[in-house]
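**Q** only geometry, no sequence info:
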């Protein structure tokens, strides 16, 4: 399974997704686009999906309690080094990636 952009003519669903269900002020939901023909979610280990490498991304680092510890806007080709930097901090438990321009939620990154 790969994370891919919709092609012209594809039907997509614009949905609200609760991507951070925590009891902190950072609790959040936001827009996601899902291709109507999608059958499953993608899982990648130790790699950045090609589709994310060409985007401007907003990356947010959270601790286990859902408190934001850091955040950065980077080009997708710079995502892997940023992930390494954030996870070098013991307090960072997971990351959320959003498309910076439109704000749509893209994915969650967990420690391997």
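**A** Here it is on my side, so go on. Computed from a predicted model, the values in this text were never measured in an experiment.
**Q** mind listing the strands for this structure?
**A** All strands of the chain, identified by DSSP state E, fall at 12-20, 28-35, 56-62, 68-75, 94-99, 105-110.
**Q** now render those strands as TSV, adding mean pLDDT.
**A** TSV is the format used below for the strands of the chain (pLDDT from 0 to 100):
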stretch	mean pLDDT
strand 12-20	89
strand 28-35	87
strand 56-62	97
strand 68-75	97
strand 94-99	95
strand 105-110	90
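**Q** distance to residue 47 and mean neighbour count added to those strands, as JSON lines?
**A** All C-beta atoms are positioned from the backbone trio N, CA, C, and that covers glycine. Listed next are these as JSON lines, based on distance: least, CB to CB, whole Å; neighbours: other CB atoms under 10 Å:
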{"stretch": "strand 12-20", "distance to residue 47": "21", "mean neighbour count": "13"}
{"stretch": "strand 28-35", "distance to residue 47": "21", "mean neighbour count": "15"}
{"stretch": "strand 56-62", "distance to residue 47": "15", "mean neighbour count": "20"}
{"stretch": "strand 68-75", "distance to residue 47": "16", "mean neighbour count": "14"}
{"stretch": "strand 94-99", "distance to residue 47": "14", "mean neighbour count": "21"}
{"stretch": "strand 105-110", "distance to residue 47": "11", "mean neighbour count": "16"}
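**Q** any chance of the ones you listed in JSON lines with distance to residue 86 as columns?
**A** Formatted as JSON lines, these follow (distance: least, CB to CB, whole Å):
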{"stretch": "strand 12-20", "distance to residue 86": "16"}
{"stretch": "strand 28-35", "distance to residue 86": "18"}
{"stretch": "strand 56-62", "distance to residue 86": "4"}
{"stretch": "strand 68-75", "distance to residue 86": "6"}
{"stretch": "strand 94-99", "distance to residue 86": "6"}
{"stretch": "strand 105-110", "distance to residue 86": "9"}
